[in-house]
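> Turn this into a model:
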Amino acid sequence: MSGNLPPGVTPADIDRHYGGGIPDHEHEWVPVQGLSPILEDMAAIFHEQCRFEEIVDSYTDHQRDETYYETGAECEAERHYRFELAYVETEEERLDRDDIDQLDQENNKRFDTVIESVIAAEQGFPDEAEIVEIDPNRQQGQVVVRHDGVEIGYGPGGDEV
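Numbers count the residues shown, from 1 in each chain. Next up is the predicted model:
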C-alpha cells in the first residue's frame, strides 16, 4: 500500500488518522445462514464470518442496571469449507463415494441415475429436501438430506474454499 500514498505521507500517518486497524484477535466464527450449508457440485458448503468487535469503551447506567458498549473496529473475515459427497442410499442399495467413483470409471449407467438424484436433491434444497442432520464439525460432522426417497450424505474431507 505504501507505493500508492501521496508524497510525504507514510502508512503511520494513515494509521493515526483512521485508527490502527483491527487488533490481533482469535476469530469468533459464526454461520452466516444459520446451520444450513449450500448444496452444490456434490458438496455441502458452509459459509462463516468472524463476529469479533473491538470494545473501546463502556459505561453502566445504574438506574436501568444496564451496561452499554462502544465498539470500534470489526473483523470482516469470512471462510467457506466443504463437506464432500459421502454416500447415496436408495431403497435398493447404499453406495459410498468409492462405489460411485467406480461406477463412473466403468461408465455404468447407474452412475447417471445416482448423479441425477444428487443434483435433484441439491436443486431442491432446502425447500423440497428433508433435512435429516446437519453437524458442521469439521472433523467428524455430516450433512444428511432426503429427497424423493433417496438419502444423500456429505462428510468432512473437502478443503477450505
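
> Tell me the secondary structure of residue 98, please.
Classification of residue 98 by DSSP: H, G, I helix; E, B strand; the rest coil places it in helix.

> likewise residue 111?
helix.

> quick one: it and residue 66, what's the gap?
Distance, residue 111 to residue 66, by CB to CB, to the nearest Å: 61 Å. Heads up, the C-betas are built off the backbone N, CA and C, glycines and all.

> Compare the two (neighbour count), which wins?
When residue 111 and residue 66 are compared on other CB atoms under 10 Å, the one with more neighbours turns out to be residue 111, at 18 against 9.

> Please look at that one and residue 100 and confirm they touch.
Yes: with contact taken as CB atoms under 8 Å, residue 111 and residue 100 are classed as touching, separated by 6.9 Å.

> ok, what's across the strand from residue 142?
When assigned by DSSP bridges, residue 142 has beta-bridge partners residue 135.

> Can you give me the neighbour number for it?
18.

> What's the separation between it and residue 92?
With distances taken as CB to CB, residue 142 is found 22 Å from residue 92.

> Could you do residue 49 as well?
When CB to CB is applied, the distance between residue 49 and residue 92 equals 42 Å.

> So if I had to pick from the two, which one is more boxed in?
With other CB under 10 Å as the criterion, residue 49 and residue 92 differ in neighbour count, and residue 49 comes out ahead with 16 against 6.

> mind listing what's buried in the helix or strand containing the more buried one?
With elements delineated by DSSP states H and E, residue 49 resides in strand 43-50, which encompasses its position. Neighbour counts over strand 43-50 (16 or more other CB atoms under 10 Å) mark 43-46, 48-50 as buried.

> Now distance to residue 10 and pLDDT too, for those residues, in a markdown table please.
Output for the buried residues of strand 43-50, formatted as a markdown table (distance: CB to CB, whole Å; pLDDT from 0 to 100):
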| residue | distance to residue 10 | pLDDT |
| --- | --- | --- |
| 43 | 45 | 93 |
| 44 | 47 | 92 |
| 45 | 41 | 91 |
| 46 | 41 | 90 |
| 48 | 35 | 88 |
| 49 | 32 | 90 |
| 50 | 29 | 89 |
